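*Asks:* Have a look at this prediction, sequence included:
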Amino acid sequence: MSAVAHMAPAREGAPAWLAPALMLLPALLIVFGVVLVPLVMTALLSFHAFSSSAGISPTLSLENWAEIAGDPYYAEMFLRTFRIAGVVTLACCLIGAPEAYIIHRMKAPWKGIFLVVTLGPLLISVVARTLGWALLFGGRNGVVNKALMDMGILSQPIPFMFTEGGVMVALTHVMVPFMVLSVWAVLQRLDPRAENAAASLGASQFTILTRIVLPQVLPGILSGAIIVFALSASSFATPAIIGGRRLKVAATLAYDEFLNTLNWPLGAAVAVLLLAAIAAIVVGCNTLVERRYARVIQ
């Protein structure tokens, strides 16, 4: 008892921040070692020169950044990356938000069944889902293309592989569940009595959706849009399978520079620029959402 009584004042005299800091220390060490250190090493690698004969030069240089800034090919590639991400985000908003609302209004057991059907693809690999689109529309031998041509509906296969449209469709299929999840989370806090009150006062269903439901669901749509945009802009598997080497985006270009041409500094520069652009867009949009809908988010 005397030992415990002797230790109690020591604990009481410790700073208030010490215990939380010690609890956070393992997580901070993991983040530092697994995330921050590789990012810093990649950023430093982007400032080294490269030659096919000598490899990576140990001296610092702005050669890679100058090449990215001066070559219109990289501007076109980044523009394509964010154009695809923007279209996919818009498509997911138009599909995912109504889908989440419809499921929310369903009665049991259909609500649970359709929610599982909608979110079930998240349990399947992105590669498998993307390969499914390639099997359906992959040239003349694609299942859908072949069936439509055999029936005489089409004379040529639908141009899907190695096109921006194909990448957008496949990415939309991959990203829609994330939009549904974001909107679904907001819908759980939606008071159905407000809709019933508006209906009892003679408001049409369109008015209820636009004046009551949409303003309350909009924070979830915007949050989902941020998630979908970030994931689409940094996506690798779907653009690599559907777009191939003919239609490169930032992620596939960085991959090629690292593993095909072995120009690691240039690949690092592309990766760092992509990360910085996505981070700036996400942080900016998230700040606007938090300021505009702070009460709803809380």
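*Replies:* Cool, the structure landed.

*Asks:* So Gly165 versus Leu79, what's the distance?
*Replies:* Look at Gly165 and Leu79: by CB to CB, to the nearest Å, they are 16 Å apart. Backbone N, C-alpha and C define where each C-beta goes, glycine included.

*Asks:* Quick one: the helices in the stretch 1-150 of the chain, in order.
*Replies:* In the stretch 1-150 of the chain, the segments counted as helices under DSSP state H, counting those that start in this stretch are 2-13, 18-31, 37-45, 63-70, 72-105, 110-119, 126-137, 143-150.

*Asks:* Now do the closest residue to Thr42 other than its chain neighbours, the pLDDT please.
*Replies:* Spatial nearest neighbour of Thr42, chain neighbours left out: Ala268 (4.8 Å); criterion: CB to CB, 6 or more residues apart in numbering. Model confidence at Ala268, given as pLDDT, is 91.

*Asks:* Contacts only, for Ala268.
*Replies:* Listed by CB atoms under 8 Å, 6 or more residues apart in numbering, the contact set of Ala268 reads 42-43, 45-46, 64, 254.

*Asks:* Any of the residues you listed buried? List them.
*Replies:* When these are checked for burial by 16 or more other CB atoms under 10 Å, the buried set is 42, 45-46, 64, 254.

*Asks:* Closest one to Ile30 out of these, please.
*Replies:* Using CB to CB, Thr42 comes nearest to Ile30 of these, at 18.1 Å.

*Asks:* wait, doesn't that closest one sit right on Leu274?
*Replies:* No. Using CB atoms under 8 Å, Thr42 is not in contact with Leu274, being 11.1 Å away.

*Asks:* Got phi/psi on Ser235?
*Replies:* With angles defined as degrees, to the nearest 10, Ser235 sits at phi -70, psi 140.
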